[in-house]
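Student: From the sequence below, what's the structure:
(2 chains)
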Amino acid sequence: MGKKSKGADFVGKIPKGVWLLISLVVALILWTVLSIIPSTSRCFPNAIKVIGSIQTMVSRGLLFKDIGSSLISVLLGFLIGFVTAVPVAFLMAWYRPVRFIIEPWIQFIRNIPPLAYVPLVVIGVGVGRTPQVIVIWLATFLTMTVTIFQGVINVDETLIKAARVLGAKDSDLFVKVIFPATTPFIITAIRLGISTALTTLIAAESTGAVAGLGMRIKALSNSYETTPMLLYIIIIGIIGMLAEKILKYFERKLTGWQEKREI
Amino acid sequence: MAGKEGNIKVSIRNVVKKYDTRNGEMIALNGANLDIMENEFICVIGPSGCGKSTLLNIIAGLLEPTSGEVIVDGHKVEGTGVDRGVVFQQYALFPWLTVKKNVQFGLKLQGKSQTEMDAIAEKYIKMVGLEKFIDSYPKELSGGMKQRVAIARAYAVNPSVLLMDEPFGALDAQTRTQLQTELLKTWQEENKTCFFVTHDIEEAIVLASRVVIMSARPGRIKEIIDIDIPHPRDQATKMSPRFVELKNYIWSQVYQEYLEVQK
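Tutor: Coordinates of the predicted model:
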C-alpha cells in the first residue's frame, strides 16, 4: 500500500509534457532496436534515414502534393459525410419507419471493408477525385450516422418534459434541448468520422489516384522503397493525432458542462 | 387554513387513464375526482402503481387522460402550459446551462427582456439561497442544490399551480427535511397552489393542507384527510401529539394498501 502510493506520487509529480517526451524517447529507442535487428531492419529503416527521406520526397516534388491531395479527399469526404449524417440520424431518431428501413442498410454496409467496393465505385464514376471522396464519404457517413443517432435517442426524456412545461414548443425543443443535449455525441461522431476518413484513405486512393499519401505508399512498395514508405505512414499518424488534439480543444469548449469522471 | 374557503383552482373530474400493455389493459387511474382550492397544499400519497404520478402528469398536460378532464382556472387542460409548473424527482436541469440560464429558460421562451429576466432570476435564486452559484453549471452542484434550482426555475415563470413529483425522493434525509422547511416557507410567502406527490408520510403531513391517500390496482382516491396542524410548521411539528396521531392513522391506511398490492 505504502509502496503503491509512493509510486503514484512519483507518477503524478512528472508533468504530462515530460511523460509525452519519455513516451517519444522510448518509441525512438524501440524503433532503433528494430532497425538493428536483421529480421526487422528491412521494414524499419532507422529514424535518421526516414527523416532524411523527407528531403528525397520533397525534391521529387511529391511530399506536399501527396499531403495536399489526401487532405482534400479526407476533408471533402468527411464534410459531405457529416452534412448527410446529421439529418439522416435525426430523421431515424424521430420517425421510426425511417429508422426501421435505414438501420439494417447501415449495419449491413458498415461491416463491408471499403476496399471490397472500390472497384464498383471506379466502374461507376471513373478515376480521379470523385471516387476517393465517395469512398470516404460512405465510410464516414455510416460511422457518424450511427453515433449521432445514438445521441438523439439518448436525450433524457425528462429534459424534454421540463422544457415543455416551461413553455417550449416543438421548434424550441429542437434548438434549445435536443441539439445541445446531442452536442457531445456529435463531437464524438466528428472524431470517429475523421479517424474513419484516415483509415479509409488507402482504400480510397486505390481508385487510381494520381497523388496522395495512400496512393504513394502503394507506389513506393512497388519499388521496395521502405524508407519513404515508413515516413508516409508516420505522416498519416501525425495528421490523425493533430486532428484529435484540435477536436479535444473544441470538445472542452463546447461540452465542458458534461458530468464525467476525471481520467 | 390557507385558502380553504377560496376558489377552486384545480378540478379533477372523473379522470381515467388506461394503458394497453402486453398483458392486456392496465388501469392506472380509475375515476379520480378532486377539487383543489386556491393556495392549498395537496400531498398525494400511496403505494407505487397507485397512479399518483400519472395524475400529476395529467394535470401537467404531459399525459392525456383516457376519459374525464382537468380544469385549471376555469380552462380545460390540453397539453402543457406555463400556468402549471412542474418539479421532477430527477431535477431535469439543463446541464449545458448555468444556474441563472436554467432559471431563465422559461422566461426566455416568453420573450422577456434581459433586464426583466435578470431581475426575476436573481429574486428566485436568492429565494433558494444559491446566489453564490448563479454562474455555476449543474455538474458543480449537489443533489439538494440542483433541486433548489429546479424549484427556482418552476417559480420563475410564475405558474398558478406548482406540481411536484416526489421532488425530494432522491435526496438524503437531512437535505430532505431542510428542503421541506424551505418549501413551506416559500409556499407561505408566494401563495401558490401546490400538488405534491410523495411516499413519505411525515413529509406529506408536515407540508400539506390536505393529504390524499390513493389505493392501487386500479388507482383511485381512497381518502382525503385534513391536516389541522396550524402554521407555521417546522421540523419540531413532527414531535407534536396531533402529528403523531395523524401519522399513525395515515400509516395504517397506506399500510393496508401495501398489503393489497402484496397480494
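Student: just checking, A:S70 touches A:G214?
Tutor: Yes. Contact criterion C-beta atoms under 8 Å: A:S70 and A:G214 qualify, at 6.7 Å. (Glycine included, C-beta is placed from N, CA and C.)
Student: Pick out whichever of the two has more residues nearby.
Tutor: More neighbours surround A:S70 than the other of A:S70 and A:G214, with 28 against 24 (other C-beta atoms under 10 Å in any protein chain shown).
Student: so what's the more buried one up against?
Tutor: With contact set as C-beta atoms under 8 Å, 6 or more residues apart in numbering or on different chains, A:S70 has these partners: A:201, A:205, A:212-214, A:236.
Student: From the domain annotation, what segments belong to each domain of the chain?
Tutor: Chain wasn't specified; assuming chain A. Here the domain assignment for chain A is A:2-44, A:49-255, based on automatic domain parsing.
Student: that answer is for a different chain, and I need it for chain B
Tutor: B:8-83+B:161-262, B:97-158.
Student: Quick one: closest of those to A:P184.
Tutor: domain B:97-158 (12.7 Å; C-beta to C-beta).
Student: The closest one and chain A, are they touching?
Tutor: Yes. Counting by C-beta under 8 Å from any C-beta of the partner chain, chain A has neighbours in domain B:97-158: B:97, B:105-106, B:109-110, B:137-139, B:150, B:153, B:157.
Student: Show me what from the stretch 151-263 of chain B comes close to chain A.
Tutor: So the stretch 151-263 of chain B meets chain A at B:153, B:157 (C-beta under 8 Å from any C-beta).
Student: and the residue of the stretch 151-263 of chain B nearest chain A?
Tutor: B:V157 (6.1 Å; C-beta to the nearest C-beta).
Student: rewinding a little: now the contacts of A:S70 in CSV, with distance to chain B?
Tutor: Shown next, in CSV, are those (distance: C-beta to the nearest C-beta, whole Å):
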residue, distance to chain B
A:L201, 34
A:E205, 40
A:G212, 39
A:L213, 38
A:G214, 39
A:I236, 35
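Student: how about those in JSON lines, adding secondary structure?
Tutor: Shown next, in JSON lines, are the contacts of A:S70 (DSSP: H, G, I helix; E, B strand; the rest coil):
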{"residue": "A:L201", "secondary structure": "helix"}
{"residue": "A:E205", "secondary structure": "coil"}
{"residue": "A:G212", "secondary structure": "coil"}
{"residue": "A:L213", "secondary structure": "helix"}
{"residue": "A:G214", "secondary structure": "helix"}
{"residue": "A:I236", "secondary structure": "helix"}
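Student: about what we covered before: mind listing the shared neighbours of A:S70 and A:G214?
Tutor: Joint contacts of A:S70 and A:G214 (C-beta under 8 Å, 6+ apart) are A:201, A:205, A:236.
Student: Helices of the stretch 151-263 of chain B, start to end?
Tutor: B:173-190, B:201-207, B:241-262 (DSSP state H, counting those that start in this stretch).
Student: Need those in CSV (columns: mean neighbour count).
Tutor: Listed next are those as CSV, based on neighbours: other C-beta atoms under 10 Å in any protein chain shown:
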stretch, mean neighbour count
helix B:173-190, 17
helix B:201-207, 23
helix B:241-262, 14
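Student: Nearest to A:L79, out of these?
Tutor: A:L79 sits nearest to helix B:173-190 of all the helices of the stretch 151-263 of chain B, at 48.9 Å, using C-beta to C-beta.
Student: Pairing partners for the residue minimising distance to the centre of chain B in the sheet, please.
Tutor: With distances taken as C-alpha atoms, centre = their mean, B:M164 lies nearest the centre of chain B, 2.2 Å away. With DSSP bridges as the criterion, B:M164 is bridged to B:V87, B:F196.
Student: which residues does it contact?
Tutor: B:56, B:86-87, B:194-197.
Student: and which of those residues is nearest to A:N154?
Tutor: Nearest to A:N154 among the contacts of B:M164, with distances taken as C-beta to C-beta, is B:V86, at 21.9 Å.
Student: Tell me, what's the model's pLDDT at A:P131?
Tutor: A:P131 is assigned a pLDDT of 92 by the prediction.
Student: Next: A:P45.
Tutor: Reported pLDDT at A:P45 in the predicted model: 90.
Student: ok, now B:P65?
Tutor: 93.
Student: Tell me the gap between the lengthiest helix in chain A and the middle of its chain.
Tutor: Among the segments of chain A that qualify as a helix by DSSP state H, the longest is helix A:63-94. Taking C-alpha atoms, centre = their mean, to the nearest Å, one finds the center of helix A:63-94 at 11 Å from the center of the full chain.
Student: now do stretch A:209-226
Tutor: On C-alpha atoms, centre = their mean, the centre of stretch A:209-226 falls 21 Å from that of its chain.
Student: Could I get the buried residue list for it?
Tutor: For stretch A:209-226, the neighbour count (16 or more other C-beta atoms under 10 Å in any protein chain shown) marks A:209, A:211-217, A:219-220, A:225-226 as buried.
Student: and of those residues, the nearest to chain B?
Tutor: A:L213 (37.8 Å).
Student: Could you pull up the residues touching that closest one?
Tutor: A:66-67, A:69-70, A:201, A:205, A:232, A:235-236.
Student: Can you add pLDDT and give those residues back as TSV?
Tutor: Shown next, in TSV, are the contacts of A:L213 (pLDDT from 0 to 100):
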residue	pLDDT
A:D66	93
A:I67	94
A:S69	93
A:S70	93
A:L201	88
A:E205	88
A:Y232	93
A:I235	93
A:I236	92
